[in-house]
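Participant: let's see this in three dimensions:
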Amino acid sequence: MFWVLLLLLAWAAAGTSCTRLCLAAVHAATLDADAPREHGLTLYEAAFLSGGPARVADLTLVSMARQHRLLLAHTGWATVVDPHGRDDMERSVIGAIGPEGQSRIAPVRAATAAADSVRRLADHLVAAGLAVPDGARTTVAEGVRQVQAAAAAVLALAAAALLLPAQTPGSEVPVAVWFMLPLILTVSCLAIARIEAHPCTRWASPAGQRLLGTLDRHSDAYGDDRTYLTSVAVRGIHAIGEPELRAALSHRDRGTGHGTWRQGTG
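Facilitator: The predicted model follows:
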């Protein structure tokens, strides 16, 4: 009868993981239901929802470079031309470059991504229901992985039960059938999550993803510069048309580091 203990472990793994996944899915649906249906995205907001703080830093650098207020060399250096930032993001860039007016792009990008201005932008988007809160970004994905691990555990426990030397004599129901029940539970839960759960990104909530889709479709209605910056905000540096400017920002991958960032909870 030792296999009964293994069956209880299988049920515990399946039940716990499936419950966590269901709670995560309900939480994600609540975020979507509470989000406003009308909200115009700024370019900075679109950049954050598409690629997080690093994308906001990239957008700010590209915008300033196109206005000839910042020089970005393909060798990976940034030089200030106009020391007067027009908003908090630009002032963060200028402050990150420092009083000498020149710095490597990699540390400037990292410092800008970690600036208070980006943190406030993130908090605003979370409060509006458009960005995923810091602690919930990967909740559904983690729940899916836990259910997958539980399904594998059920199979392993079933195999161990079948390998036991002594089974219950005269049992009408094979041991394997008992383990099929928690396995069916986990597989069904994964199937439902795949069909019903919203596709999650690291930064944008389902409502934020819908607004990004609208922004992307209607970007041609804006002026040329607005359309260009919208593409950079949504698609990243791969949307940059100028080879030298794209090389300048791509050079950061060979730089000294990217820095860290953690969203506030306010």
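
Participant: what's the distance between H74 and E244?
Facilitator: 5 Å (C-beta to C-beta, to the nearest Å). The C-beta positions use only the backbone N, C-alpha and C, and glycine is treated the same way.

Participant: who has more neighbours, those two?
Facilitator: Just comparing H74 and E244: by other C-beta atoms under 10 Å the higher neighbour count belongs to H74, 15 against 12.

Participant: just the strands in the stretch 51-200 of the chain please.
Facilitator: For the stretch 51-200 of the chain, strands defined by DSSP state E, counting those that start in this stretch occupy the ranges 70-72, 77-80, 102-104.

Participant: remind me which helix or strand the residue most central in space within the chain belongs to.
Facilitator: Central residue of the chain (C-alpha atoms, centre = their mean): R202, 0.9 Å from the mean position. Here R202 sits in a region with no helix or strand, counting by DSSP states H and E.

Participant: correct me, but it touches P133?
Facilitator: No - taking C-beta atoms under 8 Å as the definition, R202 is not a contact partner of P133, at 11.7 Å.

Participant: who's in contact with V62?
Facilitator: 229, 232, 237, 240, 245, 249 (C-beta atoms under 8 Å, 6 or more residues apart in numbering).

Participant: any idea of the pLDDT on it?
Facilitator: Reported pLDDT at V62 in the predicted model: 95.

Participant: quick one on the thing from earlier: now the strands of the stretch 51-200 of the chain in CSV, with distance to F179 and mean pLDDT?
Facilitator: Below are the strands of the stretch 51-200 of the chain laid out as CSV (distance: least, C-beta to C-beta, whole Å; pLDDT from 0 to 100):
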stretch, distance to F179, mean pLDDT
strand 70-72, 60, 95
strand 77-80, 61, 95
strand 102-104, 58, 95
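
Participant: quick one: closest of those to R194.
Facilitator: R194 sits nearest to strand 70-72 of all the strands of the stretch 51-200 of the chain, at 42.5 Å, using C-beta to C-beta.

Participant: okay, the helix or strand bottoming out on mean pLDDT in the chain in PDB with CA atoms only?
Facilitator: When the helices and strands of the chain are scored by mean pLDDT, DSSP states H and E, helix 206-217 comes last with a mean of 78. C-alpha atoms of helix 206-217 as PDB (Å, rounded to 0.1, in the frame of the first residue of the first chain):
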ATOM      1  CA  PRO A 206      -3.500  42.900 -21.800                       C
ATOM      2  CA  ALA A 207      -5.100  46.400 -21.900                       C
ATOM      3  CA  GLY A 208      -1.600  47.900 -22.500                       C
ATOM      4  CA  GLN A 209      -1.000  45.400 -25.300                       C
ATOM      5  CA  ARG A 210      -4.300  46.400 -27.000                       C
ATOM      6  CA  LEU A 211      -3.300  50.100 -26.900                       C
ATOM      7  CA  LEU A 212       0.100  49.300 -28.300                       C
ATOM      8  CA  GLY A 213      -1.500  47.400 -31.200                       C
ATOM      9  CA  THR A 214      -3.700  50.500 -31.900                       C
ATOM     10  CA  LEU A 215      -0.700  52.800 -31.700                       C
ATOM     11  CA  ASP A 216       1.300  50.600 -34.100                       C
ATOM     12  CA  ARG A 217      -1.600  50.400 -36.700                       C
END
